[in-house]
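Build me a model from this:
(2 chains)
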Amino acid sequence: MAVLTYREALNRAMDEEMARDESVVLMGEEVAEYDGAYKVSRGLLGKYGAERVLDTPITELGFTGLGVGAAIAGMRPIVEWMTHNFALLALDQVVNEAAKLRHMSGGRLSVPIVFRGPNGPAEYLSSQHSQALASYWVHVPGLRVVAPSNPADAYGLLKSAIRDDDPVVVLESEMMYGDKGEVPDEETLVPIGKAAVARAGTDITLVAFGRPVKYALEAAGILEKRGISAEVVDLRSLRPLDEETIMASVGKTGRAVVVDESWPAASVGAYVAHRIASERFDSLDAPVEFVSGEDVPMPYNHALELAVQPSAGKIVAAVLRALYLEA
Amino acid sequence: MAESILMTALSPTMQDGVIAEWIVTEGQAVKAGDALCEIETDKATMPYESPKAGTILKIVAPAGHKAAVGETIAVLGKPGEDWQAVVDKAQSAAPSGSRPPVANAPELSTQSAFPALGPASEPVEAPMQAISIQNAAKAPALPSGQPPSSPLARVTAREHGLDLRGVRGSGPHGRVVQRDVLAAAQAQNSATPLDKAAMSVARPAQQPRPAQPALVQSKGLRDERVPLSKMRSIIAERLGTSWSQAPHFFVRAAVDMERLFELRATVNEGQERPVSLNAFIMRIVAAALERHPGINASWEGDAIRYRPAADIGLAVALDGGLITPVVRACERKGVAEIDTELADLVSRARAGTLTPAEYSEASFTVSNLGSSGIEEFTAIINPPGSAILALGAVSKEAVVRGDAIVARRTMRITLSSDHRVIDGAIAAAFIAELKALLEEPAKILL
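A predicted model of the protein is given here:
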């Protein structure tokens, strides 16, 4: 197995799919001449030409709409948003058009499009560029939403997303583009809608997605030294949600900590915690714990910026609460 | 230093309480946790435990007195200390009378009900009062009739037949969590019967019964009131309902067991583990049920449900109760298979690890007191089944065969039937068939 960065894994997925299917095109701000703001599309312009790799103006609503129209017309566009913060400008095209057209056309139209880009906090970016906006997309029926936490899933989920006949939002992470990991040499598709047990355990279930999966795994390592066996469920897909895997784990452990780097209110994590409380009520020995981002706009001060985000330490503290153990 | 003992909120909603009875007397030394008095609240009568060690210098609120939460009811300190000053100080700080410190009571806006807050010269905001009441309620570890418990703790307690009210919770606010239940279950299992009796007899010393003459303790008998275990209350509820709602009638037969014993001996020859008599009987009962499906049915109020399989329960006696694990679809199983399942179910029933699915929904039940030497008995129907078969002991009886009197191994069986579902003729036909099959087991091959 080759060791690739998260960025290279995404690039390989797009490269393979563009080679496989001529209807796959890539568009976005600086994706062509500049190889992408985060160099995810490196080399694709040279390989597939300016007709299939398109630099767009700084008009998120415009080029997202262009992509939705192209998808209806039979193309399989990949729209790169420089970050999900900027995608707020394109909400109408995603929510009112892409997500609705299959339903409103009685199944006659489909919108096979991928919206992808980094989501969640990076560093020193202050309030407007550090938002974790998963719930904006997960809220909407008609969309699929995936959040890979490692290079192998980034590769396999993006390939599945490109081949999916419905709009798929891919939540990447700027802080993970350089992360390295093994990616299978042979072509591999990670199915949408299947969570992964990233680490097996027996005492408590940690549920996370995207970058916080790394914190959950780090917390599980710390807990192991205290003799606590934590199981880490990496959701991978947020819509549809793989409840079977979550509930099987919580049914076994009887305790759960849900981690989400978004704000707490109306978040994916809050919803997952609610589902666990409903579906596994009789298995629970403690209330479901929830570690989220703090309910504030992201501070610019770096110490505060780190303090408001979930961390391994916060997860460990939540685990100890759920196990009725002293810190 | 001498200090006030205050009426505290023994439940979150309590605003005042009546001193039902003082357990201690003035001048008595107490330890932290000793019961000082019994307090009647809006919900219950509860012991008030001393927050500290010391000597009761003065009982301020006599038995029968109603005291508001926060009011001084006694003074605790070292012998010889001045209790009067403590009482005076408390009275200057506390509201007069026994009016509860309600958040919106206007008279309270100038004074705090809580000496700990100090005499307030400024009006105290209502929200602060409300918070103080909550804190007061939280302070001591409080006895309560219904402790909070986690769902998993409840499920675990049910599996172990434990009453949660007897388990001390280690979680926040006294929440009973799984580890508490497991510890209690382990303690119960490892305790000797004598320990158990001692544990349940060990009632708090503060409940003397002076009116009762001193008794010489009998060896086997005891004066004790034991709260119902969950299992006991379920048995009481279900069998009470069955007995009062299902009109029971009984048909009996004496069964010649010679052939079945010969068959069993043949089958078990050379077997490492012999197949039990119960397994043979359950298999033959299943064959009889197939021939008389009207017995294998449930009363459903506006309908009778005929059950598609002979799911036969076997009553198993446990410490403090009984349970009926069910072998499903006995009509489709061989005796060895039934016996294997039965052995597993019975051993787990005794270990208390059966799941509800394994001991519910029997379509027919067998109860066997033969091993206790009972000649014959009648059993109460185990719903949702409509009939139960009571088996007596197998013993040699003198019976007439042809013109001779011979000794034959005989078993007396009694079928209890629910007349709403089963009529006498059907019950009679079933028990006659069952008798014929037990006497000539080869006939189940027909």
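
Which of the helices or strands spans the residue in the stretch 101-250 of chain B that chain A sits nearest to?
Distances between the stretch 101-250 of chain B and chain A by Cβ to the nearest Cβ are smallest at B:L152, namely 3.9 Å. In this view, the C-beta of every residue, glycine as well, is placed from N, C-alpha and C. B:L152 is part of helix B:151-160, with elements assigned from DSSP states H and E.

Just the pLDDT at the residue of the stretch 101-250 of chain B closest to chain A, thanks.
B:L152 is assigned 93 on the pLDDT scale.

ok, it touching A:L284?
Yes - here B:L152 reaches A:L284: they are 5.7 Å apart, a contact under Cβ atoms under 8 Å.

Have a look at the two and say which one is more surrounded.
Counted by other Cβ atoms under 10 Å in any protein chain shown, B:L152 and A:L284 do not tie: A:L284 has more neighbours, with 23 against 20.

who touches that one in this structure?
By Cβ atoms under 8 Å, 6 or more residues apart in numbering or on different chains, the contact set of A:L284 is A:V250, A:G254, A:R255, A:A256, A:I276, A:A277, B:S150, B:P151, B:L152.

Look up how far A:R321 lies from the third one.
Taking Cβ to Cβ, to the nearest Å as the measure, A:R255 falls 10 Å from A:R321.

Neighbour count: those two, which is higher?
Shown here are A:R255 and A:R321; by other Cβ under 10 Å, A:R255 has more neighbours (29 against 17).

That one against A:R280, yeah?
No - between A:R255 and A:R280 there is no contact under Cβ under 8 Å: 10.0 Å.

circling back: okay, and the common contacts of B:L152 and A:L284?
In contact with both B:L152 and A:L284: A:G254, using Cβ under 8 Å, 6+ apart.

phi, psi of the most centrally placed residue in chain A?
Residue closest to the mean C-alpha point of chain A, counted by Cα atoms, centre = their mean, is A:A147 at 1.7 Å. The phi/psi pair for A:A147 (degrees, to the nearest 10) reads phi -140, psi 90.

Which SSE is immediately downstream of the helix or strand where B:A74 lies?
Using DSSP H and E, B:A74 sits in strand B:72-77. Downstream of strand B:72-77, the first helix or strand assigned by DSSP H and E is helix B:83-93.

Show me what that following helix is packed against.
Applying 3 or more Cβ pairs under 8 Å, 6 or more residues apart in numbering or on different chains; DSSP states H and E, we find helix B:83-93 packed against strand B:3-6, strand B:54-59, strand B:72-77.

Give me the mean pLDDT for that helix.
Here the average pLDDT along helix B:83-93 is 78.

On the three-state scheme, the residue in chain A that chain B sits nearest to is what?
Nearest to chain B in chain A, going by Cβ to the nearest Cβ, is A:D285, at a distance of 3.9 Å. What DSSP: H, G, I helix; E, B strand; the rest coil gives for A:D285 is coil.

again with B:E38
The three-state label given to B:E38 by three-state DSSP is strand.

Quick check: residues of chain A near chain B?
Counting by Cβ under 8 Å from any Cβ of the partner chain, chain A comes close to chain B at A:G254, A:F281, A:D282, A:S283, A:L284, A:D285, A:A286, A:Y324.
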